[in-house]
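Asker: sequence below, structure please.
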Amino acid sequence: MPRLVMKFGGTSVANVDRIRNVARHVAREVAAGYEVAVIVSAMSGKTNELVDWVKDANALYDTAEYDAVVASGELVTAGLLAIALQKEGLKARSWQGWQIPVLTSDAHGSARIADIPSANLDAGFARGEVAVIAGFQGIHAESGRVTTLGRGGSDTSAVAVAAAIGAERCDIYTDVDGVYTTDPRIVPKARRMERVTFEEMLEMASLGAKVLQVRSVELAMVHRVPTTVRSSFDPPDAARPGTLICDEDDIVEQQIITGIAFSRDEAQITLRRVKDSPGVAAAIFGPLADANINVDMIIQTVSGDQSTTDMTFTVPSAEYQRARAILDEAREHIGYAQIEGATDVVKVSAIGVGMRSHAGVAAKAFRALAGKGINIRAITTSEIKFSVLIDAAYTELAVRTLHSLYGLDQA
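Answerer: So this is what the prediction gives:
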């Protein structure tokens, strides 16, 4: 029998009524002839509550015990869904991460999956059971301690399980009915896409789209797991197909630009009159890397006499103060004259595999933004996307301008 993985997020399992609705979605797929594994998140808001309890108990908490506490939210959901499925007349059992086992690294709070042996799940399928698996968690084999995969980790759990059991596809159920060309709250004409490539979805997820966790898309791309984003709020007997994330070869006609993403989680730092000599970039970015601060857009402007340079780059806004403190401490070693910063910035990006075969795509955007009076602070490009850093006040105007420019408003 073909196998299917279904993942339901926190809003989809927020209470017992919604869990009953999830059970009906699962029953539909079982009736269609699938062996089904279901990955569940904690009920909406429960993980935050558990995190608050940990911090209240001790602000300097032990990370292994933190994982032991926060992993409990998914256990409750898994058990409740198994019970709801049994009421639907299906065989079902819940699985904790360590029971499968989901083997991970020992980086508590942000562990990475190393392996998922399928023998236990295979045996459950042979017994005719639906496997209801607590997402977001695993176990480190050597220490025997429970680990968690980081926020949004249930998406990663789902794709990894799909790869491990050879599933036909992985369906991610959430509170939206697919992946849109941009945020419909900003552009009412935004359209749900029927298909999007792994590469495009990876860029969109990393550039601000909140539909899927980045690591889950990476896993889906590496293991070639077709992944669908669907709505759990559709009636179980009339569920819409959602958006399929797949190989580029599976898309017959590809637009130049597929979607527009934006991220408000950006801060800009500029170092003025840095000595222009070998090793200066390492002196700036080395300490930031050692502190696990991700640097994104980098622009270097050399002075007329080529003796000094201005270095501008972006960091996550949550890391802005820490990054400035590190650079202040390293000022003598780096040798810059002045440091400037801004947190009222946003990164707007256009993504599309069609950019590979079309010239002038970014230049067209720069002209359109200039025509709207939007100043570009920084630019970065790759083979299938370009991003601009602009003042946050122009976010909606920029997104709408680019969305219209590339014909994404059109049905």
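Asker: ok, the residue positioned nearest the centre of the chain - contacts?
Answerer: Taking C-alpha atoms, centre = their mean, the centroid of the chain lies closest to Q213, which sits 2.2 Å from it. Contact analysis of Q213 by C-beta atoms under 8 Å, 6 or more residues apart in numbering lists 151-153, 155-156, 205. C-betas here are computed from N, CA, C, even on glycine.
Asker: ok, those vs A323, which is closest?
Answerer: For these, the residue nearest A323 by C-beta to C-beta is R151; the value is 21.3 Å.
Asker: A helix includes that closest one, no?
Answerer: No. Looking at R151 with DSSP: H, G, I helix; E, B strand; the rest coil, it is coil, so not inside a helix.
Asker: residue contacts, it?
Answerer: Per C-beta under 8 Å, 6+ apart, neighbours of R151: 47, 213.
Asker: gap between it and N48?
Answerer: 10 Å (C-beta to C-beta, to the nearest Å).
Asker: repeat for Q300
Answerer: 41 Å.
Asker: which other residues reach stretch 245-252?
Answerer: 179, 195-199, 201, 212, 217, 220, 224, 226-229, 244, 254, 353.
Asker: just the buried members of the contacts of Q213?
Answerer: 152-153, 155-156, 205 (16 or more other C-beta atoms under 10 Å).
Asker: how about TSV for the residues you listed, with distance to T270 and pLDDT added?
Answerer: Shown next, in TSV, are these (distance: C-beta to C-beta, whole Å; pLDDT from 0 to 100):
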residue	distance to T270	pLDDT
G152	32	85
G153	35	92
D155	35	94
T156	35	95
A205	28	85
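Asker: among those residues, which pair sits farthest apart?
Answerer: G153 and A205 (13.8 Å).
Asker: quick one: buried residues of the helix or strand bottoming out on mean pLDDT in the chain?
Answerer: Lowest mean confidence among the helices and strands of the chain (mean pLDDT, DSSP states H and E): strand 298-302, at a mean of 83. Buried residues in strand 298-302, counting neighbours by 16+ other C-beta under 10 Å, are found at I299.
Asker: poorly predicted segments of this protein, please.
Answerer: 208, 252-253, 303-305, 411 (pLDDT under 70).
Asker: quick one: the helices in it?
Answerer: Per DSSP state H, the chain carries helices over the ranges 16-31, 46-57, 63-70, 72-87, 119-126, 153-165, 198-206, 214-223, 280-290, 320-329, 331-334, 361-371, 395-405.
Asker: let me see the residues that make contact with the fifth one.
Answerer: Outside of helix 119-126, the residues that reach it under the criterion C-beta under 8 Å, 6+ apart are 1, 3, 35, 37, 93, 95, 99-101, 131, 161, 164-165.
Asker: farthest pair within those?
Answerer: Top of the distance list for the contacts of helix 119-126 (C-beta to C-beta): M1 and P101, 24.0 Å.
Asker: now do stretch 358-370: distance to the chain's middle.
Answerer: Distance of stretch 358-370 from the chain centroid (C-alpha atoms, centre = their mean, to the nearest Å) equals 27 Å.
Asker: go through that stretch and flag the buried ones.
Answerer: Buried, per 16+ other C-beta under 10 Å, within stretch 358-370: 361-362, 364-365, 368-369.
Asker: repeat that for stretch 144-163.
Answerer: For stretch 144-163, by 16+ other C-beta under 10 Å, it's 145-149, 152-163.
Asker: and for stretch 369-384?
Answerer: Buried positions in stretch 369-384, judged by neighbour count with 16+ other C-beta under 10 Å: 369, 374, 377-378, 380, 384.
Asker: quick check: end-to-end length of it?
Answerer: 19 Å (C-alpha to C-alpha, to the nearest Å).
Asker: neighbouring contacts of that stretch?
Answerer: Contacts for stretch 369-384 (C-beta under 8 Å, 6+ apart): 199-200, 203, 268, 296-299, 312, 314, 345, 351-353, 355-356, 362, 366, 386-391, 394, 397-398, 401-402.
Asker: chain center to it, what's the gap?
Answerer: Taking mean C-alpha positions (C-alpha atoms, centre = their mean), stretch 369-384 and its chain are 24 Å apart.
Asker: same thing with stretch 153-170?
Answerer: 15 Å.
Asker: next one: stretch 351-365
Answerer: Centroid separation for stretch 351-365 versus its chain: 24 Å, with C-alpha atoms, centre = their mean.
Asker: show me what that stretch is in contact with.
Answerer: Against stretch 351-365 from outside (C-beta under 8 Å, 6+ apart): 197, 199-200, 203-204, 207, 248, 254-261, 350, 379, 381, 383-386, 388, 402, 405-406.
Asker: then stretch 45-65?
Answerer: So stretch 45-65 is contacted by 10, 14, 41-42, 66, 69-70, 72-73, 76, 108-109, 136, 143, 145-146, 151 (C-beta under 8 Å, 6+ apart).
Asker: now it: buried residues?
Answerer: Applying 16+ other C-beta under 10 Å to stretch 45-65 flags 46-47, 50-51, 54, 63 as buried.
Asker: which residues are in contact with I39?
Answerer: I39 neighbours (C-beta under 8 Å, 6+ apart): 5-8, 133, 135, 154, 157-158, 161.
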